[in-house]
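1. no sequence on hand, only this structure:
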Ligand code: BYC
């Protein structure tokens, strides 16, 4: 079915032919806009932003670029093309036709998965609400708003599924997605990372690199789902997600590049000298990285999870790129976990592979994260510096799973609680680090100009030059 960009809610799901659903969504839309005005980007809603808008799922021309005021953004509902005769790709129902409706026995589990996914989308917009004021350039300001409006569209994607397939419960859940708020003491967002403040741009780049990448892996796992509308929704969301990770990847790279420039100019890597010169020293960048990477690892859930095993057995949520695995049933196979032995060491335990799905996906995520580090480290290598950015161990500073609250160093070696506490300032951002990073955050809103602490990007957006007027203020 073709999408109709002129509809009030642009879509390729035949909304015009389903009056009940259309009315439900049209009822939810003003509530969404209320939320956007109250908790979305502050103060820039009258500005014209050079934004990408999804208009169809055609790979050759799925989006347009134009100046848009954010509240006028057309948050549409798009599902990837239906695959002919798609079959369940894993678990106990392997090879059976996929489901176009929600099976009664999986209704509450699927709803919970969709709500958990949906909850992260507005949460991230709330977390980034104030960043516009301190954007290091118009280019970055535009990228922030691009990420924000698309996370808004991803919320729409989940709300569509709730309204279309879960009746009254779904409508209630859709309302609650606008009622929980990031960091709210009484009614917080569901997952831990989405309640962490993102009040400076280094955190924003870390979040878009590490946390949006968790999004990529979770969406890929849901894209394998036997519930076909969920699978097709997530497939299309992944198209937009790539740019969000690009913003993080290039953002961290540009911060490191600028620091190296000043290290060369001053002939020193001394953090105090670099801070005096207004750039962010490498140890501080590493501490931010340690924080956001370890927080994002928790988003994959426990390393041994009966929830994950039943999602896999029932075909609700699989592994990213399931086709690459040899065994799609995994009924007999096992996985060896390394766990704390309670005596300061490590022990191994074999668990059924199905229970280890979270860990398998987390491992694939870690390998994907390493690619960015290799790129950033190339800047250091080319400049002739021996320092390297590193990923801490997956055991470090965990709050979910077997290593939760186990004291280890960043290499993953178990240590005492006292030793861990005595090194906190070396391993995680200190109040002083945060205060310094905040102190260099000032909005730079002149065309082509960059804040002192970040290098310019290599190229602009959609073949526009870097000094393009990406945001026009009113
Ligand atoms: N914080 O069996 P367990 C994105 C809960 S990011 C708090 O170990 P399970 C985005 C868990 O809910 C992607 N609670 O794990 C990025 C469970 O609760 P109940 C978001 C947590 O269930 C940037 C209990 O602990 N998508 O899209 O196998 C910007 C035991 O759980 C946490 C999804 O998450 C945590 N970190 O897996 C914008 C996909 N971790 O049942 C967007 C949907 C676990 O005991 N969600 N818990 O009450 C899921 O697939 C799964 O729910 C999880 C957990 C992967 C989150």
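-> On my side now, so go ahead. Please read these numbers as outputs of a predicted model, since none were measured by experiment.
2. only C-alpha atoms from now on, for both contacts and neighbour counts.
-> Fine.
3. so which residues on this structure come close to the ligand?
-> Residues of the chain lying near the ligand by CA under 6 Å from any ligand atom: 113, 116-117, 120-121, 124, 151, 190-192, 211-212, 214-215, 218, 298-302, 305-308.
4. buried members of these into ChimeraX, please.
-> Here is the ChimeraX command that selects the buried residues among those (16 or more other CA atoms under 10 Å):
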select :116,117,120,121,124,151,190,191,192,211,212,214,215,218,298,299,300,301,302,305,307,308
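5. quick one: residue 52 is in a strand?
-> Yes. Counting by DSSP: H, G, I helix; E, B strand; the rest coil, residue 52 is located in a strand.
6. any idea how many residues pack against it?
-> 22 (other CA atoms under 10 Å).
7. tell me which residues touch it, please.
-> 63-66, 146 (CA atoms under 8 Å, 6 or more residues apart in numbering).
8. which stretches of this structure form strands?
-> Taking DSSP state E, the strands of the chain run over residues 48-54, 63-69, 334-340, 346-352, 471-472.
9. looking at those strands, which is buried most?
-> strand 48-54 (a mean of 23; mean count of other CA atoms under 10 Å).
10. re earlier: export the strands of the chain as a markdown table, with columns for mean pLDDT.
-> Listed next are the strands of the chain as a markdown table, based on pLDDT from 0 to 100:
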| stretch | mean pLDDT |
| --- | --- |
| strand 48-54 | 95 |
| strand 63-69 | 94 |
| strand 334-340 | 97 |
| strand 346-352 | 98 |
| strand 471-472 | 98 |
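11. could you dump those strands to JSON lines with distance to residue 276?
-> Putting the strands of the chain into JSON lines (distance: least, CA to CA, whole Å) gives the following:
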{"stretch": "strand 48-54", "distance to residue 276": "34"}
{"stretch": "strand 63-69", "distance to residue 276": "38"}
{"stretch": "strand 334-340", "distance to residue 276": "43"}
{"stretch": "strand 346-352", "distance to residue 276": "43"}
{"stretch": "strand 471-472", "distance to residue 276": "31"}
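12. how far off centre is stretch 431-439?
-> Computed by CA atoms, centre = their mean, to the nearest Å, the chain-centroid distance of stretch 431-439 equals 24 Å.
13. residues near the nearest residue in space to residue 289 that is not next to it in sequence, how many?
-> Among residues not flanking residue 289 along the chain, residue 206 sits closest, at 6.5 Å (CA to CA, 6 or more residues apart in numbering). Look at residue 206: counted by other CA under 10 Å, it has 25 neighbours.
14. got the residue ranges for the helices in the protein?
-> 19-39, 107-127, 138-165, 167-176, 201-206, 212-223, 228-266, 271-276, 282-298, 306-314, 357-382, 417-427, 431-439 (DSSP state H).
15. flag every buried residue along the second one.
-> Pointing back at helix 107-127 there. Buried residues in helix 107-127, defined by neighbour count with 16+ other CA under 10 Å: 110-111, 114-127.
16. which outside residues touch it?
-> Contacts for helix 107-127 (CA under 8 Å, 6+ apart): 39-41, 148, 151-152, 154-155, 158-159, 161-162, 166, 170, 173, 177-178, 181-182, 189-191, 194-199, 316.
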